[in-house]
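Visitor: predicted model follows, preceded by the sequence.
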Amino acid sequence: MAAPMLSLFLMTKPFKRILFTGAAGGLGKRLRPHLKQFADIVRLADLAEIGPAGPGEEVVQCDLADREAVMKMCEGVDAIVHFGGVSTEVEFDPIMQGNILGMVNLYEAVHKLGIRRVVFASSNHTMGMYKTTETVDASMPPRPDGYYGLSKVFGEQLSRFYWDRFGIETVCLRIGYCFPEPTTHRQLATWLSLDDLVQLLGRSLVTPRVGHTIAFGVSDNPGKWWDDRHSRFLAYKPKDSSIRFSEAVYASGVDRIDDMDDLTLKYQGGLFLHNGPKYKS
Ligand SMILES: NC(=O)c1ccc[n+]([C@@H]2O[C@H](COP(=O)([O-])OP(=O)(O)OC[C@H]3O[C@@H](n4cnc5c(N)ncnc54)[C@H](O)[C@@H]3O)[C@@H](O)[C@H]2O)c1
């Protein structure tokens with residue numbers, strides 16, 4: 001593997017082969033064409049069918065919960081962009097398989113195979129129980145809003161353990177709302193454009209010495225809730241802002257930002273608070 005900075009001068013790609021999990025998913029499909037700039041070969045992996053490999057691609061079908069298959073999936077890669085797993089609030093069992101057992105299997109493989117860098121798609125739902133009136137930074141304690149957020153906190157802590165014990169570097173991206181357009185007030189605060197995600201992902205892959213870093217994946221939106229002071233060294237500079245969508249969102253009357261009795265407006269986790277464990281009535 002060429003050292004990332006050196007590769008800029010040599011005009012080579014930073015990595016020979018990267019693994020991209022979650023390639024059949026929503027973000028997987030949108031990110032796929034952008035990953036080729038980072039490696040000669042991109043190995044696409046998912047539990048679901050991905051379709052045929054294109055030039056410079058390999059395809060692997062793999063359940064993250066299957067330890068042996070995960071080990072095989074990781075063989076021969078220099079870095080991992082880990083976007084696979086359950087991406088919403090559902091019952092615990094699939095989250096356990098994909099996001100908890102899956103993370104353990106992945107990092108065991110990373111450790112055994114000597115892979116040095118992972119970029120992990122964490123989530124803003126690690127912090128979903130902070131109020132929408134609060135500004136959150138990466139040094140504040142996680143306050144997940146459900147099993148999904150809890151599983152992402154597990155992933156963040158697991159990757160911290162592998163950094164502390166074994167020197168494996170991870171950037172955890174607490175992604176906001178990464179879909180083409182924001183359509184609610186919450187999404188105006190949390191929106192991340194695809195271009196900004198690609199930039200953040202690239203910075204997370206090639207910045208030397210990231211150690212264990214938590215970064216917020218959010219565009220330059222007015223009224224955003226997250227402060228990136230602990231990840232500024234990545235030099236991520238968002239180019240997009242949700243401001244161009246705000247008139248349409250306000251005009252749509254989709255939700256009322258002043259109704260603070262509504263849990264989904266009071267807490268940063270938004271609608272996930274309606275889908276979480278039903279312990280409290
Ligand atoms: N889209 C967003 O705005 C957003 C926000 C925050 C975090 N994220 C995170 O980014 C990642 C991608 O999000 P997405 O919107 O593309 O989600 P998605 O659900 O569309 O894609 C996730 C992919 O993971 C695969 N997967 C699920 N369980 C698996 C398992 N056990 N083994 C292997 N693969 C498995 C699915 O088949 C799917 O293709 C997820 O980890 C998600 O939690 C996304």
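Guide: Thanks, I have it. Everything numeric in this text was worked out from a predicted model, so none of it was measured. Numbering: from 1, shown residues only.
Visitor: contacts and neighbour counts: CA atoms only from here.
Guide: Noted.
Visitor: which parts of the stretch 1-150 of the chain are helices?
Guide: For the stretch 1-150 of the chain, applying DSSP state H, counting those that start in this stretch gives helices covering 4-10, 26-35, 67-74, 92-95, 102-113, 147-166.
Visitor: which residues in the third one does the neighbour count mark as buried?
Guide: To tie it back to what came earlier, the one meant is helix 67-74. By neighbour count with 16 or more other Cα atoms under 10 Å, helix 67-74 contains the buried residues Arg67, Ala69, Val70, Met71, Met73, Cys74.
Visitor: go on, the last one?
Guide: Within helix 147-166, the residues that count as buried by 16+ other Cα under 10 Å are 147-156, 158-160, 162-163.
Visitor: how about the residues of the stretch 101-250 of the chain near the ligand?
Guide: Within the stretch 101-250 of the chain, the positions near the ligand by Cα under 6 Å from any ligand atom are Ala121, Ser122, Ser123, Ile175, Gly176, Tyr177, Cys178, Phe179.
Visitor: turn these into a markdown table, columns for pLDDT, distance to Thr132 and neighbour count.
Guide: Output for those, formatted as a markdown table (pLDDT from 0 to 100; distance: Cα to Cα, whole Å; neighbours: other Cα atoms under 10 Å):
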| residue | pLDDT | distance to Thr132 | neighbour count |
| --- | --- | --- | --- |
| Ala121 | 99 | 22 | 23 |
| Ser122 | 98 | 19 | 28 |
| Ser123 | 98 | 16 | 27 |
| Ile175 | 98 | 16 | 20 |
| Gly176 | 98 | 13 | 22 |
| Tyr177 | 98 | 15 | 21 |
| Cys178 | 98 | 18 | 20 |
| Phe179 | 98 | 20 | 15 |
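Visitor: and the furthest pair within those residues?
Guide: Ser122 and Phe179 (15.6 Å; Cα to Cα).
Visitor: quick one: end-to-end distance for stretch 173-188.
Guide: End-to-end distance for stretch 173-188, by Cα to Cα, to the nearest Å: 19 Å.
Visitor: just the CA atoms of the helix or strand hosting Phe245, as PDB, please.
Guide: Using DSSP states H and E, Phe245 falls within helix 243-252. Taking C-alpha atoms only, helix 243-252 is exported to PDB below (Å, rounded to 0.1, in the frame of the first residue of the first chain):
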ATOM      1  CA  ILE A 243     -30.600  26.200   3.300                       C
ATOM      2  CA  ARG A 244     -31.700  25.900  -0.300                       C
ATOM      3  CA  PHE A 245     -34.500  23.500   0.800                       C
ATOM      4  CA  SER A 246     -35.700  25.400   3.800                       C
ATOM      5  CA  GLU A 247     -38.300  27.500   2.000                       C
ATOM      6  CA  ALA A 248     -40.000  24.400   0.600                       C
ATOM      7  CA  VAL A 249     -39.900  22.600   4.000                       C
ATOM      8  CA  TYR A 250     -41.400  25.600   5.800                       C
ATOM      9  CA  ALA A 251     -44.100  26.100   3.100                       C
ATOM     10  CA  SER A 252     -45.000  22.400   3.300                       C
END
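Visitor: can you list the buried residues in that helix?
Guide: Applying a neighbour-count criterion of 16+ other Cα under 10 Å, one finds Ile243, Ser246, Val249 buried in helix 243-252.
Visitor: could I get the phi/psi values of Ala48?
Guide: phi -80, psi 160 (degrees, to the nearest 10).
Visitor: that one against Gln61, yeah?
Guide: Yes: using Cα atoms under 8 Å as the test, Ala48 is close enough to Gln61 to be in contact (6.8 Å).
Visitor: ok, the two, which is more surrounded?
Guide: Each of Ala48 and Gln61 has its neighbours counted (other Cα atoms under 10 Å); Gln61 has more, 19 against 14.
Visitor: check contacts around the more buried one.
Guide: Contact analysis of Gln61 by Cα atoms under 8 Å, 6 or more residues apart in numbering lists Ala45, Asp46, Leu47, Ala48, Glu49, Ile50.
Visitor: quick one, which of the residues you listed are buried?
Guide: Ala45, Asp46, Leu47, Ile50.
Visitor: tell me which of the residues of the stretch 101-250 of the chain next to the ligand fall in strands.
Guide: Those of these mapping onto strands are Ala121, Ser122, Ser123, Ile175, per DSSP state E.
Visitor: just the residues you listed now: which is nearest Val110?
Guide: Nearest to Val110 among these, with distances taken as Cα to Cα, is Ala121, at 16.1 Å.
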